[in-house]
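Student: I would like the atomic coordinates for the input below:
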Amino acid sequence: MRLLEMKSPGEFNLAKVATHDIFPYAILSHTWTGEEVSYQDLISGAGKSKSGYEKITFCGEQATRDGLQYFWVDTCCIDKSDPAELSKAINSMFRWYQNAKKCYVYLADVSIPSKNADAQTSQITWEVAFRRSKWFTRGWTLQELIAPAMVEFFSKEGKLLGDKKSLEKPIQGITHIPVQALRGNPFSDFSIAERKKWAAQRQTTEEEDIVYCLLGLCEVSMPTIYGEGKMAALKRLEMTVKGFSQGETEPRDLKDNVVPFIVPFDKNPNFTGRNSQLTQLEEMLFRDRRTTKFTVTGLGGVGKTQLVLELVYRVREKYRHCTVIWIPATNVESLYQAYLDVARQLKIPGLDEDKADAKKLVQSYLSKESAGRWLLVFDNADDVNMWITQSGPGSSRLTDYLPRSEQGCIVFTTRDRKTAVKLTRQNIVEVPAMDEDVAIQLLQKCLINPDLVENKSDTTALLKGLTYLPLAIVQAVAYINENRIAFVDYLSLLTEQEEDIIDLLSEDFEDDGRYDNIKNPVATTWLISFEQIRHRDPLAADYLSFMACINPKDIPQSILPAGASRKKKTDATGTLEAYSFIVKRSTDLALDLHRLVHLATRNWLKQNNVITQWTEKAIMRLEEVFPNNDYQNRTNWRIYLPHVRCVLMSDEASKDKDTRITLSRRFGLCLLSDGRYDEAEAPFVEVMTRHKRVLGHEHPSTLTSIANLASTYRNQGRWKEAEDLEVQVMETRKRVLGEEHPSTLTSIANLASTYRNQGRWKEAEDLEVQVMETSKRVLGEEHPDMLTSIANLASTYRNQGRWKEAEDLFVQVMETRKRVLGEEHPSTLTSIANLASTFWNQGRWKEAGDLFVQVMEKRKRVLGKEHPSTLTSIANLASTYRNQGRWKEAEDLFVQVMETRKRVLGEEHPSTLTSIANLASTYRNQGRWKEAEDLFVQVMEASKGVLGEEHPDTLTSIANLASTYRNQGRWKEAEDLEVQVMETSKRVLGEEHPSTLTSIANLASTYRNQGRWKEAEDLFVQVMETRKRVLGEEHPSTLTSIANLASTYRNQGRWKEAEDLEVQVMETRKRVLGEEHPDTLTSIANLASTYRNQGRWKEAEDLFVQVMETRKRVLGEEHPSTLTSIANLASTYRNQGRWKEAEDLFVQVMETRKRVLGEEHPSTLTSIANLASTYRNQGRWKEAHKLMEECVMLRTRTIGTNHPDTLSSRTALLVLETEQLY
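Tutor: Below you'll find the model as predicted:
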């Protein structure tokens, strides 16, 4: 490598230096012109007249100013006439720029205006030129930007514009190169494809150079062949990269995947020692084919965080495809915010959902095998209760959110050994204080003047005074560097600090066994530095006092008190950083305070009686910057939440100030919007309590605060508490605001919603009618709130099975919204979907399907294909197909919805679980028991973990699994689950809740299937009587319970009792649901079965024919229910000895089921058995035997040897074989 050496102004010498002997040097980056000085020009002395000579002179003079004797310029330090040298230089270029002490970027097209221009105009002028500079368009300058650690930009006049760090934001905006790449992160963080994209818009004079300039970025070498063309060069590069990749110990990522490294701190260049602990930690990583967990523990300030930070950077180098995530765990709020940031950086789908739980999303993501190897760090996990205590009923502990993977490792840092034992048992690494030799090394690394340690006695005395504690050493050195004093001077400061003051500053440090008759070194060094900061930079002291009142981690600079100029603000944070009081995060420039610095500052504020003053300042500032709960503000409020929680939990400020209450209200609303209902409860209680005391119990703001609290109860399923508050708000608003005030109507609607959620239809209906009628009169018939009230009432009618009334209201809402809001407005589409659901509930599949298709298509166009509402409409259409027996179409749509929700919302989002359950139900309907069971088990387990074991959705998932067991004849397993669901529902929902009654009916069905008639009958009677009283005698669910009881009577041969009930059900359904409703047809078929069982063939036949013909017309000739009705008619013919008619129908049913449902569907196998029975009755033994043998084989394979249907067919086959013998 040739280097230039400045001999005198404008005079240079060339020196060729071996690579291993390279001196520190500067390097020039620029764009070439036609007047560049070549190697030959420099040798001959003929280049001084060229304009390019000025750039060389500039580089040499700037290097001299920076104390660098040597420098390098590409135009004249490479002999381009020598192809071998040129090729070698091109392959070495990246390394040469990387090894340079400084890189000077000379921008010939950026000029600073004359001194007459004001500073602002001057900056705007050169910034515009900077952004347009040709330098950013050239191929070779790409590596010249990325490779050097220090890059400085200069104008045409040689004036410094800034460096790569200070100009990072505009550079990133111009180049679109990730900030992490600009900061020197390893290339393993970026795929080859991504690195190529950085050069996509750049140009080179020689076409091959656009490829050759990528060699360093791709970390490969290859010969240059000018004239081969760009494509040939690119192909060679790709082959070289691929070959190099295959030779590595770990495969290089050649795809568009970048391994996440989510760590808020840069590598600590001053990290010293700790080799034994690092070795121990590295040995504990990724072992035993399970999630490795261990804790690093030790005194506060002993260097736990820095030790683990060093570990993660070593992991990054050793395991290039290991995801690394760092989460501050000081308190719940900072941890929750960190989880949000991590989920966002991992781009986990579903994070923007209203009730998304970032902790659960991250856990699910890392627990998948596809996540690969990962290291998860929880720093400052000092509060054991935060980890092992549930935050509320049904909630999970933080430890329950830890991911599990054979490829994962979790590391905690804590100063509390008890916490360490709770979290990781015996897997604990103790960090002791530094020994003297290592402490001296740390001193040397941190000191500007390392020669100070040559005074051995002073060095030893200083370290002893600081108890060899790294944090104290770093703080002391920061002061020594800033003030340029000797150790002996700092020692005198240490001894001057009064012990009682240090004791006060050390309160709550809570480190067992640290101080035995010696001063707290952290508090002492803090005090020395703080006193000086107060005098030299009062704004910095103010900032530190402010930060002591909020959360010490991840402090956005936008939160700091307003008023100071940008320069003063920068200077103040710079002062705090210089004294090692704060650390600026490299990713977002947020600030972090060490826990002990935070605590010492708080104690100083208390000692000086200003803690209240500063806490109130913090509350006032947060009230200014904390946004409302509009969805678009979500990112901002989540950043501020930890700090708001911190000041609101403090007892240092008055709880009666208006600013605090306003902040508490906004805090609660944001938590509510995030679905964190149990956490929202506390701030709402505080606001309500204060409003009651200050404003009075009937003030509008007081009533709103009560309503907000009721909302948290309602969302937690705490119906009674919600109801009590909602009644209170409603009654008070009626009296204070009037019965027709909009706020009064809202409170009535809220109470109605709570009733509806409990299945108290009549009470909900009465209130909704009241709201609707009043809204019509007060707001007008077409007001959006008015239409919402009508839709609410319609939903209540639908829930009661009052289809016609619901339909009329939904049509009214739909037509009005179409006219007022437009045909594609989201609210209009919702009303169409509501109408479709009403058709669906009535069995009007065609009409429902048509509307669902219409809604689905419009939502796709208006909202997007993956919008939650669009997915709901697809799921609705799939349900319609399922009810029509169109299994394949239903399955395809359910799979589409499930996969999309998994990707968009996350695998354990409630909507995703619903879609999995829908798919499972479709499998169950097709007799695909194993597939259905696997999915139902998955949903049940996920629901237990996400929602809690007693949540209504969890109980539904258990009931679905029980139903699958029941369909397989696994009575005991089904019964156990159904008893569990029933008992839990009684306790959680109440004995008369609709879901509780359904669970009792399910258990009764299982008893009936086992022939336990008395137990089944008792439960069916209980359900029927309760539904009559609660839902009404004609409610669809009541009629179902009467039909269930009738079926139990029929199975016992109690024909007359069965017939009476079935006639009642049939007549009521005809009147309420209509003569062609699916449930009406089922009740007619049930009555026909009872007639058949009594030998009343003609009456049975007439009814079966009626059902069959109607189903053919309404449902279609191949619908499963239609085929069942044909089979029923065939059985009636068989019972009468009308073999030919029975055979023809059984063959028709069997062939159709084979084609529509599949050859192994349970219903197909039943039709085969029926046909075999018909052959047997005719003495056609051989045909009967062949069919029954096929039936036994298929049933054994599909539903198991012990299933009742399999046993029944085996018995029938045995009888056939016996009959053939005789």
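Student: Secondary structure element holding the closest residue to residue 1117 other than its chain neighbours?
Tutor: Excluding its sequence neighbours, the residue lying closest to residue 1117 (CB to CB, 6 or more residues apart in numbering) is residue 1152, at 8.0 Å. Yep, even glycine has a C-beta here, placed from its N, CA and C like the rest. In this assignment (DSSP states H and E), residue 1152 forms part of helix 1139-1156.
Student: Following the chain onward from that helix, which element is next?
Tutor: Using DSSP H and E, the helix or strand that follows helix 1139-1156 in sequence is helix 1162-1177.
Student: between that next one and helix 1139-1156, how big is the angle?
Tutor: Put simply, helix 1162-1177 runs at 160 degrees to helix 1139-1156, going by axes from the mean of the first three to the mean of the last three CA atoms, to 10 degrees.
Student: pLDDT averaged over the host helix or strand of residue 1071 - what is it?
Tutor: Residue 1071 is located in helix 1055-1072, with elements delineated by DSSP H and E. In this model, helix 1055-1072 carries a mean pLDDT of 91.
Student: Buried residues of that helix, list them for me.
Tutor: For helix 1055-1072, the neighbour count (16 or more other CB atoms under 10 Å) marks 1055, 1058, 1059, 1061, 1062, 1064, 1065, 1066, 1068, 1069, 1072 as buried.
Student: Excluding chain neighbours, give the residue nearest to the third one in space.
Tutor: Yep, that's residue 1059 we're talking about. Distances taken as CB to CB, 6+ apart place residue 1090 nearest to residue 1059, at 5.1 Å, with adjacent residues excluded.
Student: Might one say that the one you found is in contact with residue 1060?
Tutor: No - using CB atoms under 8 Å, residue 1090 is not in contact with residue 1060, being 9.8 Å away.
Student: Toward the C-terminus, what is the element adjacent to the strand or helix carrying residue 96?
Tutor: When elements are assigned from DSSP H and E, residue 96 belongs to helix 83-99. Downstream of helix 83-99, the first helix or strand assigned by DSSP H and E is strand 102-106.
Student: what residues does that next one touch?
Tutor: For strand 102-106, the external contacting residues (CB atoms under 8 Å, 6 or more residues apart in numbering) are 26-30, 55, 58-59, 62-63, 66, 68, 97, 135, 141, 144-145, 147-148, 150-154, 156, 158.
Student: For the residue nearest to residue 1059, give its distance to residue 1108.
Tutor: Applying CB to CB, to the nearest Å, the value for residue 1090 to residue 1108 is 17 Å.
Student: So for these two, which residue has more residues nearby?
Tutor: Between residue 1090 and residue 1108, counted using other CB atoms under 10 Å, the more crowded position is residue 1090 (27 against 24).
Student: Next, the more buried one: secondary structure please.
Tutor: The three-state label given to residue 1090 by DSSP: H, G, I helix; E, B strand; the rest coil is helix.
Student: List the residues that contact it.
Tutor: When contacts are counted by CB under 8 Å, 6+ apart, residue 1090 is found next to 1046, 1050, 1055, 1058, 1059, 1062.
Student: The same query, at a cut-off of 6 Å, please.
Tutor: Listed by CB atoms under 6 Å, 6 or more residues apart in numbering, the contact partners of residue 1090 are 1050, 1058, 1059, 1062.
Student: Let me know the pLDDT of the first one.
Tutor: In other words, residue 1050. At residue 1050, pLDDT is 88.
Student: Verify the contact between residue 339 and residue 357 for me.
Tutor: No - contact criterion CB atoms under 6 Å: residue 339 and residue 357 do not qualify, at 8.7 Å.
Student: pretty sure residue 293 is in a helix, no?
Tutor: No - read with three-state DSSP, residue 293 is strand and lies in no helix.
Student: need the contact list for residue 1041.
Tutor: Each residue near residue 1041 by CB under 6 Å, 6+ apart is listed here: 1023, 1024, 1027.
Student: sorry, back to before: buried subset of the contacts of strand 102-106, written for PyMOL?
Tutor: The following PyMOL line selects those of these that are buried, judged by 16+ other CB under 10 Å:
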select buried, resi 26+27+28+29+30+55+58+59+62+63+68+97+135+141+144+145+147+148+151+152+153+154+156+158
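Student: Keep only those of the contacts of strand 102-106 that are in helices.
Tutor: In helices, defined here by DSSP state H, the members of the contacts of strand 102-106 are 55, 58, 59, 62, 63, 97, 141, 144, 145.
Student: from those residues, which is closest to residue 459?
Tutor: Distance to residue 459, by CB to CB, is smallest for residue 63 among those, at 35.6 Å.
Student: mind giving me the domain split of the protein?
Tutor: Using automatic domain parsing, the domains assigned to the chain come out as 2-184, 186-257, 261-432, 438-629, 855-926, 1137-1222.
Student: pLDDT (mean, whole number) over the last one?
Tutor: In this model, domain 1137-1222 has a mean pLDDT of 86.
Student: quick one: the particular helix or strand that has residue 1086 in it to helix 1055-1072, angle?
Tutor: Using DSSP H and E, residue 1086 maps to helix 1078-1093. When the same axes, to 10 degrees is applied, the directions of helix 1078-1093 and helix 1055-1072 differ by 160 degrees.
Student: Now do stretch 291-302: everything it contacts.
Tutor: By CB under 6 Å, 6+ apart, stretch 291-302 touches 284, 304, 308, 404-405, 408-410, 412-415, 417, 420, 423-424, 427-429, 431, 469, 471, 511, 514, 522, 596.
Student: I'd like the mean pLDDT over it, please.
Tutor: Stretch 291-302 carries an average pLDDT of 82.
Student: Go ahead and produce CSV holding the CA coordinates of it.
Tutor: Provided in CSV are the C-alpha atoms of stretch 291-302 (Å, rounded to 0.1, in the frame of the first residue of the first chain):
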residue,chain,number,x,y,z
THR,A,291,-34.6,-23.4,27.1
THR,A,292,-31.5,-22.4,29.0
LYS,A,293,-32.2,-19.9,31.8
PHE,A,294,-29.7,-18.4,34.2
THR,A,295,-29.3,-15.2,36.3
VAL,A,296,-26.3,-12.9,36.7
THR,A,297,-26.4,-11.4,40.2
GLY,A,298,-24.3,-9.1,42.3
LEU,A,299,-24.3,-5.7,44.0
GLY,A,300,-25.7,-2.7,42.3
GLY,A,301,-23.0,-1.0,40.2
VAL,A,302,-20.8,-4.1,40.1
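Student: pLDDT-wise, which helix or strand of the chain ranks last?
Tutor: helix 499-505 (a mean of 51; mean pLDDT, DSSP states H and E).
Student: picking that back up, need the next SSE after the helix holding residue 1086, C-terminal direction.
Tutor: helix 1097-1114.
Student: In that following helix, which residues are buried?
Tutor: Across helix 1097-1114, burial judged by 16+ other CB under 10 Å covers 1100, 1101, 1103, 1104, 1105, 1106, 1107, 1108, 1110, 1111, 1114.
Student: Could you double-check that the last one lies in contact with residue 1078?
Tutor: No - the pair residue 1114 and residue 1078 fails to qualify as a contact (CB under 6 Å) at a distance of 8.0 Å.
Student: any common contacting residues for those two?
Tutor: Joint contacts of residue 1114 and residue 1078 (CB under 6 Å, 6+ apart) do not exist.
Student: can you map out the helices along the stretch 801-950 of the chain?
Tutor: Using DSSP state H, counting those that start in this stretch, the helices assigned to the stretch 801-950 of the chain run over residues 803-821, 826-841, 845-862, 868-883, 887-905, 910-925, 929-947.
Student: Save those as CSV, and put in distance to residue 372 too.
Tutor: Below are the helices of the stretch 801-950 of the chain laid out as CSV (distance: least, CB to CB, whole Å):
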stretch, distance to residue 372
helix 803-821, 48
helix 826-841, 40
helix 845-862, 34
helix 868-883, 29
helix 887-905, 18
helix 910-925, 23
helix 929-947, 22
